Structure formats: structure tokens, C-alpha cells
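# fold the following, please.
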Amino acid sequence: MSKITFMGAGSTVFARNVLGDCMTTPTLHDAEIALYDIDAERLKESETILSAINDNVNQGRARIKCYLSNEQRKAALKNADFVVNAIQVGGYKPCTVTDFEIPKKYGLRQTIADTLGIGGIMRGLRTIPVMEDFARDMEDVCPDALFLNYTNPMAILTGYILRYTGVRTVGLCHSVQVCSKHLLESLDMQDKIEGRRELIAGINHMAWLLDIRDKNGIDLYPEIKKRAAEKNAAGKHDDMVRFDYIKNFGYYCTESSEHNAEYNLFYIKSKYPELIERFNIPLDEYPRRCIEQIKGWKEEKANILKDGKITHERSKEYASYIMEAVITNNPYKIGGNVLNTALIDNLPAEACVEVPCLVDGSGVTPCHVGVLPPQLAAMNMTNINAQLLTVEAARTRKKEHIYHAAMLDPHTAAELSIDDIRSMCDELIDAHGPYMAMYK
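Next up, the predicted model:
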């Protein structure tokens, strides 16, 4: 019998998907499930929904127990085989709002702000101390557990845990699984989906679809490039930035256009406001989503429960498949976030990269990719620079490295002077109060 601990179980919809998947997986039917959060109400909601799923699809075989607050954290983690992390430190209010509103005063606009940019840097810096506490507890009470990190900023957080703790860790995102299927569907190439072969590698949210072929081994990129150019020229749609990547860099990348609009120097520019309209970029998109999700949660919760008749079908999230592969020793392939241990030859060793990985009874074994096309490695490096400097700020707790990370962030540096970057960082650190009090 395996023990699965879910950190941040108040993320009810995500916990339902991951743990619902586990309950529909034969090797995990009788798992002990530990739900951990610091919000009692959200934790109870998750327990109610997951208990209903357990009864309806799993004959009540899983054992679910709740653990609230820091005092119960070690108990939640004790003897865990797998630890799933889905926390959000500081929540939508106050922290996400702060990460958008203060930069906006300086003329710095964002779309999602959870992976890079000044918002991603701040999110990483307030999350690492919490995750490091998790890791120290894991080293003590479940040293052999596999830590599955879903929390953003993925590369910053996963890279820190891999470099500075002893916890076995892989970072997981769902953009790899859906990347090529979404691309082919959006270009009306659905007939090429079945049996396709692909290679994806780079960094989280900016991993590259390096190769894609149909079931007969025919290269699909020439037709993809033609159709993507035609679609961008024909009018507005939701994936214009990534299609522009294909035009200018030759390759498609894993995460959405609203994300990638803020990972570079090109699209959100106060000197060229017409680019926002031209590339259909949704500024302040993440706060908008948060507001809608919060507003609709009561109704959504009622729909999920459906008079106690809630059911679940296994999703494409990696977590349950990883657990199954580890337990059964039946190999499974994922796109995982790991340290660059001679995996991508033209990115630095300390970078956290997203590459194909084999999962089996030995755990997660990443695969060597080789050399990225130089323009793709260069694009990744603009993000890796800021990621590594954020990790250094978290390691040293030095405010000076926070400035460095922001100065080297491509979007921030393209818009603001160094003096404004320093002032904005100071204002953000002050506004985050106790969440950032450790940085001196």
C-alpha cells in the first residue's frame, strides 16, 4: 500500500484531478492519501469531494486523512512514497494582485506572471522558503519519497530543490502532453495526430517542438510553417505569439501564447502599443481568471458533487502514471523538469530543463537530447539567466540578487531603467511584507 501526500490540497480542482486519477489506477486503489493545507475551509472542501470520488469510483478503498497547518505537516509527510506539491504562497490576494499592480505603476504590463517576469520572480522568492521547509521535513520523515512539483515558477522552484536539498524531485507541467495535438488541431491537421512522433526539449513553458512526424515518419514542419503563417495573416486568434515564434525562430513551443508574450523582449512594449492588438495579447489575464474562478467556485463545487454522485475519469496529468510506473516497474515516458546533467549540451549544467524522461522502478531517468538549434538555446538563456539569479537570491537571501534577476529578465529590462527596476523591487518586497521578510 502506497502513501500519497498532497501539499496544497485546498487547490480542490487540481487535487480532484490528480488524486481522482490515482483512485482510478489499480495499483493505487488502496493508497493512503494525506491531504495537507493551511486553509481549513478549503481543506474540508477537498476532503468532501475526494471522499465522494473514493466512494463512487473506488469502492471506498483509499484511506483519506486531513492535516491542517504547519504543526501537522510532518505527520502528513511521514512515510510518504509520493509527495505532490500544488501550493500557492500568498494566494490571489494579496500577493498576485500586488505582483500585477505595483509593476503596472512603473509601466510594466504582464499577462500571467507565474513563471518569469517580475511577477514570476516574486512568486518564486516567496515560495522557495516554504518548499525548503517541506524538503527538510521530507529528508527527515520520508527520505525516499518522490517529490512531484506542479507549482510555478516551475524551473525556479524545481531547480532550487534539486540543487540545494536531498529530495528526489521532478517538476511536472501539462503543456508538453497537449502541445503537438493542440497545434495540429488548430491548423486543421487532425488527420496527422494519430501515431505522430515528436521530440520536445528546452525549459518549462518554453520547451521546443524540435521534431514532429506523422505515423509514416514524414516531417510535418513544412506544412505546419505554411499553415501557421497563413493563419496569423488571416486574422486574430489565441495563439498568435507562438505562431510568430515559428516564423522567426523556426519552431513551436509548449506553453500558450498568453504566457509566452511576456517571456521575451518582443511583444509587450510601451513604445509599440499596437503589438498588443496585433498579436491579441490578453494583459492582466491571470487576475481576470482568478476573479472568475473565485466567483464561480460555489456553483462549480455544487456541480462537482452532483448530489454525491460525482465520478472521475483518468486525465492526462502525469502524476498517477508516474506513481504507477514506479510501483510496477513498467516504463512510462514523460516530459519532466530536471537538472541539466549533460542533457542539453548548449545550456548550463545548473539550469532546470524540460526533457523526455523514462520513469520506472528506479524513478525518473532523464534522456540526453544534445544540442538545441542556437536561436532556441539563446531564447532559453534569456529566461535561464533570470531563473538562476532568482535561485541565487533565494539561496543567499540577498536583496542585491533580486535586483540582478529583475535586471536580467528580458521583458522587465526591455521596458524599465535600472533605477526603476530597483525601486520597483523594493516596493514589491515591502508590499509582500512577511512573505519576503527573509530577504535583506
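# contacts and neighbour counts: CA atoms only from here.
Noted.
# out of the helices and strands in the chain, which is least certain?
Lowest by mean pLDDT, DSSP states H and E among the helices and strands of the chain is helix 285-305, with a mean of 86.
# can you pull the buried residues of that helix?
Of the residues in helix 285-305, those buried by neighbour count under the rule 16 or more other CA atoms under 10 Å are Tyr286, Pro287, Cys290, Ile304, Leu305.
# what's the span of stretch 278-288, first residue to last?
End-to-end distance of stretch 278-288: 21 Å, with CA to CA, to the nearest Å as the criterion.
# again, but for stretch 244-261
10 Å.
# what about it, average pLDDT?
Averaged across stretch 244-261, the pLDDT comes to 98.
# quick one: buried residues of it?
Buried, per 16+ other CA under 10 Å, within stretch 244-261: 244, 246-247, 250-261.
# and Leu358, that's in a helix?
No - looking at Leu358 with DSSP: H, G, I helix; E, B strand; the rest coil, it is strand, so not inside a helix.
# beta partners for it?
With DSSP bridges as the criterion, Leu358 is bridged to Lys333, Thr365.
# ends of stretch 134-154, how far apart?
End-to-end distance for stretch 134-154: 16 Å, by CA to CA.
# and the contacts of that stretch?
Surrounding stretch 134-154, the residues in contact under the criterion CA atoms under 8 Å, 6 or more residues apart in numbering are 74, 77-88, 114-116, 120-121, 123-124, 157-158, 161, 165-173, 204, 319, 337, 363.
# how far away is the nearest residue to Leu184 once chain neighbours are set aside from Lys333?
Excluding the flanking residues, the one nearest Leu184 by CA to CA, 6 or more residues apart in numbering is Gln190, at 5.8 Å. Gln190 sits 23 Å away from Lys333, going by CA to CA.
# pull the number of nearby residues for Met323.
26 (other CA atoms under 10 Å).
# start at 36 instead
With 36 as the first residue, the last one maps to Met358.
# so it lies in a strand, does it not?
No - secondary structure assignment (three-state DSSP) places Met358 in helix, not in a strand.
# these two touch, right, it and Ala66?
No - if you go by CA atoms under 8 Å, Met358 and Ala66 don't touch, sitting 11.0 Å apart.
# could you pull out the strands for the stretch 336-475 of the chain?
Taking DSSP state E, counting those that start in this stretch, the strands of the stretch 336-475 of the chain run over residues 367-374, 387-395, 398-401.
# in JSON lines: those strands, plus distance to Arg77, mean neighbour count and mean pLDDT.
Below are the strands of the stretch 336-475 of the chain laid out as JSON lines (distance: least, CA to CA, whole Å; neighbours: other CA atoms under 10 Å; pLDDT from 0 to 100):
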{"stretch": "strand 367-374", "distance to Arg77": "29", "mean neighbour count": "24", "mean pLDDT": "98"}
{"stretch": "strand 387-395", "distance to Arg77": "31", "mean neighbour count": "25", "mean pLDDT": "98"}
{"stretch": "strand 398-401", "distance to Arg77": "32", "mean neighbour count": "21", "mean pLDDT": "98"}
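# out of those strands, flag the one nearest Ala412.
Proximity to Ala412, assessed across the strands of the stretch 336-475 of the chain by CA to CA, is greatest for strand 387-395 (11.1 Å).
# hey, C-alpha coordinates of the closest one in CSV?
Coordinates of each C-alpha in strand 387-395 appear next as CSV, following Å, rounded to 0.1, in the frame of the first residue of the first chain:
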residue,chain,number,x,y,z
CYS,A,387,16.5,23.3,-14.8
VAL,A,388,15.5,21.9,-18.2
GLU,A,389,12.4,20.1,-19.5
VAL,A,390,13.3,16.9,-21.4
PRO,A,391,12.0,13.4,-22.2
CYS,A,392,12.3,11.2,-19.1
LEU,A,393,11.9,7.5,-18.6
VAL,A,394,10.0,6.5,-15.4
ASP,A,395,10.2,3.0,-14.0
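# can you list contacts of that strand?
By CA under 8 Å, 6+ apart, strand 387-395 touches 190-191, 193-194, 234-239, 242, 357, 360-375, 378-379, 399-402, 404.
# Ile235: how many residues sit nearby?
Here the count is done by other CA under 10 Å, and Ile235 has 24 residues near it.
# from Lys433, how far off is Met358?
38 Å.
# Asn105 too?
26 Å.
# please apply the same query to Ile247.
Per CA to CA, Ile247 is found 44 Å from Lys433.
# same check on Val406?
34 Å.
# let me know the pLDDT of Ile345.
On pLDDT, Ile345 comes in at 89.
# correction: the previous question concerned Ser81.
Note for Ser81: predicted pLDDT of 96.
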